[in-house]
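> A predicted structure for the sequence below; I have some questions about it.
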Protein chains: 2
Amino acid sequence: MPIWEYDWAMARAATTTDAFNAVAEPRRRQILQLLAQGERPVGELADLTELAQPVVSKHLRVLREVGLVTVQEQGRQRVYRLNVAPLREIQSWLASFEQLWQERFDAMDSVLEDLQRQEKGQGQ
Amino acid sequence: MPIWEYDWAMARAATTTDAFNAVAEPRRRQILQLLAQGERPVGELADLTELAQPVVSKHLRVLREVGLVTVQEQGRQRVYRLNVAPLREIQSWLASFEQLWQERFDAMDSVLEDLQRQEKGQGQ
DNA sequence: TTGACGTATGCCTATATGGGAATACGATTG
DNA sequence: CAATCGTATTCCCATATAGGCATACGTCAA
């Protein structure tokens, strides 16, 4: 069973295919990290990343398309906010290697127990 | 400060740049999952993935270059084995979103720190 | 209105990809 | 030795990038 369909010549999956592809680009990762500290307008992201504004806008478009960020129009600026949800896809994929993450396994149990004990869970 | 250097026209980071890029390709992810269940020769991977052997060999090359797999020559076949180490880069990046994450993310992260404190990466 | 601001979009180029096909190459077998 | 197996490599192509630059677009201030 093929993993996905394509007409022809799938040189490389589009960056907007999923979180995996979107996040493969270092600058996009950087932007996400910045947004992790709070929402920010495009210009601010451009300053912080030292990237030209159009470049940032393009990266944000990709991130938007995979749902990693959301926009809110505020006056003439667009404030971007991080949405970690799509990262879950990656996280769960990584989780499938848990067992091979040898040492981790033991420690995992105890920590998990702690978590379950404290568990707050505030929706997502 | 720029994240990385390039002469010109960096269309897209090479797939062999890091685990992020290598793993962005779905078939490569599939191969890794298969190897998670045990080492396997190329032919077997080709069968299981229903990909042509040359295609598999190419993917394996990429995975090899980022250290996600290692080979062992056995007679005329090459047995590939998974090496999760490089996945840590991804894991720790994800960990930086801990606070914004709700569930068991913390667990993995703390264990990760332990790992990094203890052993010094061995793969290459 | 006009102009400035904040952002998005369009056009451009070089690039390396993923897969198909053919073939090269080393190891094994006869 | 030759033939075959298991795998890697090469050549081919269409593709969509990432960034530079210019510009379009909507919002706000005079």
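Sure thing, it's come through.
> Sketch out the low-pLDDT regions of chain A for me.
A:1-10, A:102-124 (pLDDT under 70).
> what does chain A have sitting close to DNA strand C?
A:9-13, A:41-44, A:46, A:53-54, A:56-58, A:60-61, A:71, A:76-79 (Cβ under 7 Å from any atom of the strand). C-beta: built from backbone N, CA, C; applies to glycine.
> Hmm, A:Pro26 is touching B:Ala13, no?
Yes - under the criterion of Cβ atoms under 8 Å, A:Pro26 makes contact with B:Ala13 at 7.0 Å.
> what about A:Arg81, which SS state?
strand (DSSP: H, G, I helix; E, B strand; the rest coil).
> excluding its backbone neighbours, what's nearest it?
A:Glu39 (4.2 Å; Cβ to Cβ, 6 or more residues apart in numbering or on different chains).
> go on, A:Thr49?
A:Gln30 (5.7 Å).
> what's the host helix or strand of that neighbour packed up against?
Element membership for A:Gln30 (DSSP states H and E) is helix A:26-36. Applying 3 or more Cβ pairs under 8 Å, 6 or more residues apart in numbering or on different chains; DSSP states H and E, we find helix A:26-36 packed against helix A:42-49, helix A:53-65, strand A:69-74, strand A:77-82.
> now for the first one, which elements pack on it?
In terms of contacts (3+ Cβ pairs under 8 Å, 6+ apart), helix A:42-49 is packed against helix A:26-36, helix A:53-65, strand A:77-82.
> I figured A:Leu35 hits A:Tyr80, correct?
Yes - with contact defined as Cβ under 8 Å, A:Leu35 reaches A:Tyr80; the gap is 6.1 Å.
> who touches both of the two?
A:45, A:69 (Cβ atoms under 8 Å, 6 or more residues apart in numbering or on different chains).
> circling back: show me the one of the helices and strands packed on helix A:26-36 that comes nearest B:Asn21.
Of all these, the one in closest proximity to B:Asn21, counting by Cβ to Cβ, is helix A:53-65 (14.7 Å).
> and chain A, which of its residues are near DNA strand D?
So far as Cβ under 7 Å from any atom of the strand goes, chain A lies against DNA strand D at A:8-9, A:11-12, A:14-16, A:25, A:27-28, A:51-52, A:54-55, A:58-59, A:62, A:75-76.
> Buried subset of those residues, written for ChimeraX?
The ChimeraX command for the buried members of these (criterion: 16 or more other Cβ atoms under 10 Å in any protein chain shown) is given here:
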select /A:15,25,27,28,51,59,62
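> can you pull the contacts of A:Val62?
A:15-16, A:22, A:25, A:28.
> Reformat these as TSV; add distance to A:Phe97.
Formatted as TSV, these follow (distance: Cβ to Cβ, whole Å):
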residue	distance to A:Phe97
A:Thr15	24
A:Thr16	26
A:Ala22	21
A:Glu25	23
A:Arg28	23
